[in-house]
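In: Attaching a predicted model along with its sequence, questions to come.
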Amino acid sequence: MKKVLVLCTGNSCRSQIAEGYLRHFAGDVAVVYSAGVETHGVNPKAITIMAEDGIDISRHTSNNIDEYGNIDFDFVITVCDNARERCPYFPTNARKFHYNFPDPAKAKATGTEAEVMNEFRAVREQIKGYVEEFVKENLH
């Protein structure tokens, strides 16, 4: 079984969304983890917008990359430039993938609640499409 790690800055939103979709699309062909170079807790808006698409991430935890140093991953996906730049080296033969998704949590500084939620949904759809293609090309 393949092991996949999704890495972001705070493991609160983008990596949590990607983890949820990876588990959904990969089914039993992969074990999926997510982590951050920091931990910020799972963003409640990420939980809400994933539930809207039928995926429950409410039991996900925010984990630090250091917790997974002993796992030999097959794939590591960074979902933001900051994580790619700050990711500490850990011994792995993993194939590395990167896509810099916008941070929907940054929208809260300027938008209304509806605008913020729409930003979260837009990023969710970008991640969903990326993950679906990743699974088709690499796990099935």
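Out: Ah, there it is.
In: Tell me which residues of the longest helix seen in the chain come out buried.
Out: Ranked by residue count, the top helix of the chain under DSSP state H comes out as helix 113-138. Of the residues in helix 113-138, those buried by neighbour count under the rule 16 or more other C-beta atoms under 10 Å are 116-117, 119-121, 123-124, 126-128, 130-131, 134-135, 138. Heads up, the C-betas are built off the backbone N, CA and C, glycines and all.
In: min pLDDT across those, which one?
Out: In this model, the minimum pLDDT among those belongs to V116 (89).
In: ranges for the helices of the protein?
Out: Listed in chain order, the helices of the chain (DSSP H) span residues 14-26, 44-52, 81-86, 113-138.
In: Contact partners for the closest residue in space to N63 that isn't next to it in sequence?
Out: Leaving aside its sequence neighbours, N63 sits nearest to A35 (C-beta to C-beta, 6 or more residues apart in numbering; 4.6 Å). With contact set as C-beta atoms under 8 Å, 6 or more residues apart in numbering, A35 has these partners: L5, V6, L7, N11, S15, N63, N64, I65, E67, Y68.
In: For R95, see how far away A35 is.
Out: Using C-beta to C-beta, to the nearest Å, one gets 17 Å for the distance from A35 to R95.
In: again with V29
Out: V29 sits 15 Å away from R95, taking C-beta to C-beta as the criterion.
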